[in-house]
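Q: Prediction below, plus the sequence it came from.
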Amino acid sequence: MDWRRTLRMHILAWVMFAQAGCDIGDRSCWAMRPLACEFVGVVESVALLGDYEGELYIADFDPCFVVTVRLREPLPALVGIPGQTVHFGIQSPAMLFRGELDTGQAYRFRLWRPADDEESGYYLSVIGREQGVGVSNKTDGSACSRNE
């Protein structure tokens, strides 16, 4: 991985947390976001952004890849992302999945938006793998909240 890209990502994370008035290691900072959502989805594919045509939700700065995620449950309407299969534009699969990407595997994701408007975009992070979860339609109790 390019050290400049890694440095840029660390600086961006520090700036975002500093603007929220949080320490970078403080997990309670996620509660300060106007919209935060956790959900389980199965990663169907990862492709280069240049090879993709269709609806895309930008979930990172400077996206280069498209990750296709099949959701266990549709996201609530307040998130503004309809459908059961969602395509997220991400910067790096290695950074998002911490080098442990397996297509067909279920992961728990966190999706958040830093401002309460349509134009601010989304940010996506992986919380971890869902153990013992395959490609079924079992509901997982996705949780979303809007903090005012």
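A: Perfect, thanks for sending it.

Q: ok, Phe109 - how many residues close by?
A: 24 (other Cβ atoms under 10 Å). For the C-beta atoms, the positions are set from N, CA and C on the backbone; glycine is no exception.

Q: tell me the contacts of it?
A: Phe109 sits next to Glu38, Phe39, Val40, Gly41, Val69, Leu124, Ser125, Val126, Ile127 when contact means Cβ atoms under 8 Å, 6 or more residues apart in numbering.

Q: could you pull out the helices for this protein?
A: 3-19, 93-96 (DSSP state H).

Q: Check these for me: which has the lowest mean pLDDT.
A: Per-stretch mean pLDDT for the helices of the chain is lowest at helix 3-19 (a mean of 54).

Q: Can I get stretch 52-63 as CSV, trimmed to CA atoms?
A: Output of stretch 52-63 as CSV, limited to C-alpha atoms (Å, rounded to 0.1, in the frame of the first residue of the first chain):
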residue,chain,number,x,y,z
TYR,A,52,-19.1,-0.1,-13.4
GLU,A,53,-22.3,1.4,-14.8
GLY,A,54,-25.3,1.9,-12.7
GLU,A,55,-26.5,3.5,-9.5
LEU,A,56,-23.7,4.1,-7.0
TYR,A,57,-23.6,5.5,-3.5
ILE,A,58,-20.3,7.2,-2.8
ALA,A,59,-19.1,6.0,0.6
ASP,A,60,-15.5,7.2,0.8
PHE,A,61,-13.4,10.0,-0.5
ASP,A,62,-11.8,9.5,-4.0
PRO,A,63,-13.6,6.2,-4.8
